[in-house]
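> Here's my sequence, what's the structure:
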Amino acid sequence: MFKKLFNKNKNKLGGSASNLAEGDGSEAGLLDERSDRNFEPEKTAPALKKKAAAPAKPAKAAAAPSKSSSSKQAPPAPAPQGLPDAGTPINRAKDRTDAIDKARTVQVGGIKLTYAYISLRGFYPDDPFKNNQDAYAVKQGVGKDKNNMLFSVFDGHGKDGDGCAIYAKKQLPVNLAHHLDRAKPKKGTKDISKDQVQQALHRAHLDTNKGLHKNPNVDDTLSGTTAISMYFHGNRNRITVSNVGDSRAILGQEVAGSNRREGPRALKALALSRDQTPYRKDEKARVKRAGARVLSLDQLEGLEPIIEGASENDESLELGEELDEGGDPPRIWAQNGDYPGTAFTRSIGDSVAEDLGVFAEPEMLTREVLPEDKILIIASDGVYEFLTNQSVIDICAKFADPLEACRAVVAEAYELWLQYELRTDDITIICMFVDEVKGGSRRSLGDESEGFSTIPAPILGGLQSDDDIDAQILTEGARPVRKHVSKKTSKALEKMREQGKKMDMYEGDEDFDWKKHATKKTAEEKASIAEAIKASVMFRNTSDEQREMIFACMESVHVKAGTWVIRQGSVGDRFYICDEGQFEVRILPDGQEDPTGHGGHIVHVYDGSRARNSHPSFGELALVHSMPRSASVVAKTDGHLWALHRAAFRQVLVEAQDHRKELKKVLGNIPYFQYLDSDAINKLATIMDEVTFGRGETITEQGRKGECMHVIASGSCYGVQTHGSDTKRVNYKTGSYFGDEIFSSDHGKYSRTVVTLQTTVCWQLDHEVMKQTMGPLLKPPS
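All right, here's what the predicted structure looks like:
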C-alpha cells in the first residue's frame, strides 16, 4: 500500500519548478510560473510569528488534466518521419530541462567565480507528467550587505514535494537576509562572525520550516524538501555550507605533486556536507529516541528479516550497503503505522515525520576558500545515487566551462539511472569554478584535524563565540553509492537476456573481422574521438595500442533529423558517441502499445557539440553484454555519430591483451567472479591497471575501507591478519591475489595488511571503476 502512496504525485501537469537565479541581486523571477498556487514570500521572518493560525487545509482539488489527454479530441496525426507532436507537453525538451543560458562570472569579495546550473526533470513510467520536484536558488546580495552570495538546491518529495521545494527556495533567502541584517552591527563596518552567520542560517531554516507548516497552499503533512546551501561571506573569503537532508556539497581541491594520469590539475574530492540518513549511526539513534522505527520497505512488508538487536545503541548493524544493493534504503516509520517512509532524517516540511525526529535543523561547515580550491558543487541526490564525489569532480575537471561540466555530470547520472533503473530521479546541480582567490589563506581541509561541524549553541547576551573555521567533515556513515540494479530492474534485465537468447543476438559476431571495417582517420578525427571517449568509463583504462585500434574501428555515421538510431526492444550491437547534433531518448513503458509510432515519452536529449567539447554516449552495455535495447534514440537534428561494433570492440581487446592471459586465468578462479562468462572476465582484465610498488610499501591495511583488489604480476608480498592476540601471516607470489573481500562483504574493508617484500608489479582493479563499467553484470554481496 505504501509503495503506491510513496510514488504517487498529485500534480499531473508538465513543466519544472521556476527558480530564483539572479546574478545582479535583483528579485525578478520570484513569482512561480504556474498559476495554480500562490507562493508569494513573506516579507520578514517575524511576520511568520504574527501571522494568525492558518485554517485547516482544504481537501486537494483534482489534478488538472493534461493538454494531451483530452478524451474529446482525436489523437494528432503522426508527424513526418515519426517525430512526436511538438504540442505534447511531455515531448517538449524545455519542459524537462531548466538551465542557465550561459555560465556567469561574479566577484564576491576576494573570490572570483564562474557558475552554471542545470535542473533536469526525472522520468517516472507510472507518472510521466510528474513535475520536477527539484528547485534551486542563486542570489547575489542577501540582505543589506551586497558583498555576499547564496547558492541553494532543494529536493522535494511526497505528493506536494514540488510545492515544498518552491516555497523553500523563495522563502529561505528572505529569512536569511532578515537574520543576517539583525546580526550585523548597527555602527561601523565590522563583519559578523562565523557563529553569527551559522545562527542566521540556522534560524532561517527553522523559520522557513514553520512558514511551510502554516502555508495553506501546500500540504506538507507527508511532503517536504531537503536543502543544501552554500553562503559566501564575500569580505572574508569564506563559505558556510548548511545542509538539511541528503543533497550534497563537495569541493574539488588541487592535489600538489599529484602522480595521477590526469596530470597536475588532478583534483581531490572533499566532502563539505554529510548525508543525514539512517545510514549514519548518530542520526539513526536520534530518530529512534524520538520514537521512530528504522526499516527498509522489504523489512516493513516482511520480505526481509529484521536483524537489528534490541538495543538502540547496537553498533554492529551496518544498515545500508546490503539493504541498498537493491535500491531499498532504510527509512523512518511510525511505531504503529506505515508512514512517513522518509529515507532521510532531516527535512523542511514533513510535519508528520517531525514527531519522529525528522526536523529542519541544518548541520553546517564554515571554511576559507583557498587558492587550491578549484571546483565547488552542490547537487541533489539524483546526481549521487550512482556517482561518487570523486567521480563528479573528475567529470567536472575535464571542462573549462562550468555549464559544460553540469551537462556532462547530468548526462552521466541520467545514463546510469536508465542503465540501473526503470525510472530516473530529478537531477539538479550547481557547479562553481573558482577562477581567482585574493587575500590571506588558512589551512586546507585535508590539513585540518578531523571533526564534525555541529549546530552552534545560541549566542546569549550578544557575546561572540570562537570565530575560527570548522574542522573537516567526516564521511563515515555516508549513504553508499548504488552498485547494483534494483530487484525490479534485475528481473527486467533477466527477462531481456532471455529474449536476447531467443533472438540469437550473437549470430555473426564470430565471423566479424574488425580489420576489414577499419578506416584511416585524420589527426583531427582522432582528436575528436579521443576527446569523446575521454569522459567514458568504458575506455578509461585502454592502452595507447588499444586506442589506436579503436580509432580505426570507429564508424562515421551521419544522420538526418528524424532518423531512428536505435529502437527499444531491438538487438543491441553498437555503442554510440554523439559527435555533433541532438538525439532524443524515448521510452515506451513496459506493456504499453505505441499506436502513433512515436516511440513513447521523450525522457532525455543527448546534445553533442565539438565547439563545446560535449560528447555524451549511449549504448555502452551493448559492448559488454547483449540485450534488447531498453530505449529508443531518435535524431532531433541533423548530426554525426561515432559507432563502435560490439564484435570489433571485443576483438580489439583480445588482440591487444594477449599479455593478460594469465591475469584472466586468475580472475576466473576468484570465487566472486566465477559466475561471470568469458566475455565479462575479458572486460575485467581490460579495466585493470598495472601499478608498481617499491620494497616495503603497504598496499592494503586491515580494517581500512577498500578501494582496489590486486593480482601480483611479478614480485612478492606478505599479508598479516590480526584478531585480538591471534596473528596470521600468509605469503603472496606471482599469480596470487588479495583484496577481493571488499567486493563480497557488506562493510567493504580489507581483512589483512599486505606489504611488499621486493619491488612488485600488480594488476589493480578499482572498485568504483568496476562498478561503473560492469554495472548490472555484478552480483550483490551474498
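
> how about low-confidence regions in the stretch 251-400 of the chain?
Low-confidence segments of the stretch 251-400 of the chain (pLDDT under 70): 256-265, 303-304, 307-327.

> In it, what residue spans correspond to strands?
267-271, 293-295, 331-333, 340-342, 348-349, 363-368, 373-379 (DSSP state E, counting those that start in this stretch).

> nearest to Gly668, of those strands?
strand 267-271 (33.8 Å; CB to CB). Using the backbone N, CA and C atoms, a C-beta is placed for each residue, glycine as well.

> Can I get the closest one in PDB, CA atoms only?
What follows is strand 267-271, C-alpha atoms only, in PDB (Å, rounded to 0.1, in the frame of the first residue of the first chain):
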ATOM      1  CA  LEU A 267      41.600  17.300  -8.100                       C
ATOM      2  CA  LYS A 268      40.700  15.500  -4.900                       C
ATOM      3  CA  ALA A 269      37.100  15.500  -3.900                       C
ATOM      4  CA  LEU A 270      36.400  16.600  -0.300                       C
ATOM      5  CA  ALA A 271      33.000  16.500   1.300                       C
END
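
> Show me what it is packed up against.
strand 248-254, helix 389-396 (3 or more CB pairs under 8 Å, 6 or more residues apart in numbering; DSSP states H and E).

> tell me what the helix or strand that comes right after the longest one is packed against?
Right, helix 389-396. As assigned by DSSP states H and E, the chain's next helix or strand after helix 389-396 is helix 402-420. If contacts are counted by 3+ CB pairs under 8 Å, 6+ apart, helix 402-420 sits against strand 111-120, helix 381-384, helix 389-396, strand 427-437, strand 601-608.

> Adding mean neighbour count and distance to Tyr576, write the ones you listed out as TSV.
Shown next, in TSV, are those (neighbours: other CB atoms under 10 Å; distance: least, CB to CB, whole Å):
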stretch	mean neighbour count	distance to Tyr576
strand 111-120	23	20
helix 381-384	25	23
helix 389-396	22	19
strand 427-437	24	21
strand 601-608	23	9
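
> Dump those to CSV, plus distance to Ala360.
Shown next, in CSV, are the helices and strands packed on helix 402-420 (distance: least, CB to CB, whole Å):
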stretch, distance to Ala360
strand 111-120, 22
helix 381-384, 17
helix 389-396, 25
strand 427-437, 20
strand 601-608, 32
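
> Out of the strands of the stretch 251-400 of the chain, which one sits most buried?
strand 348-349 (a mean of 32; mean count of other CB atoms under 10 Å).

> my read: Ile681 touches Val666, true?
No - the criterion here is CB atoms under 8 Å, and Ile681 misses it with Val666 at 9.9 Å.

> now Ala290, nearest residue through space, not along the chain?
Gly357 (3.1 Å; CB to CB, 6 or more residues apart in numbering).

> sorry, back to before: and of the helices and strands packed on strand 267-271, who's closest to Trp417?
Going by CB to CB, the one of these nearest Trp417 is helix 389-396, 14.3 Å.

> between the closest one and strand 427-437, how many degrees?
With axes from the mean of the first three to the mean of the last three CA atoms, to 10 degrees as the basis, helix 389-396 and strand 427-437 are set at 70 degrees to each other.

> residues in contact with helix 389-396?
Helix 389-396 has contacts (CB atoms under 8 Å, 6 or more residues apart in numbering) with 248, 250, 252, 262, 267-271, 375, 377, 379, 383-384, 387, 402, 405, 408-409, 412, 431, 535, 768, 772.
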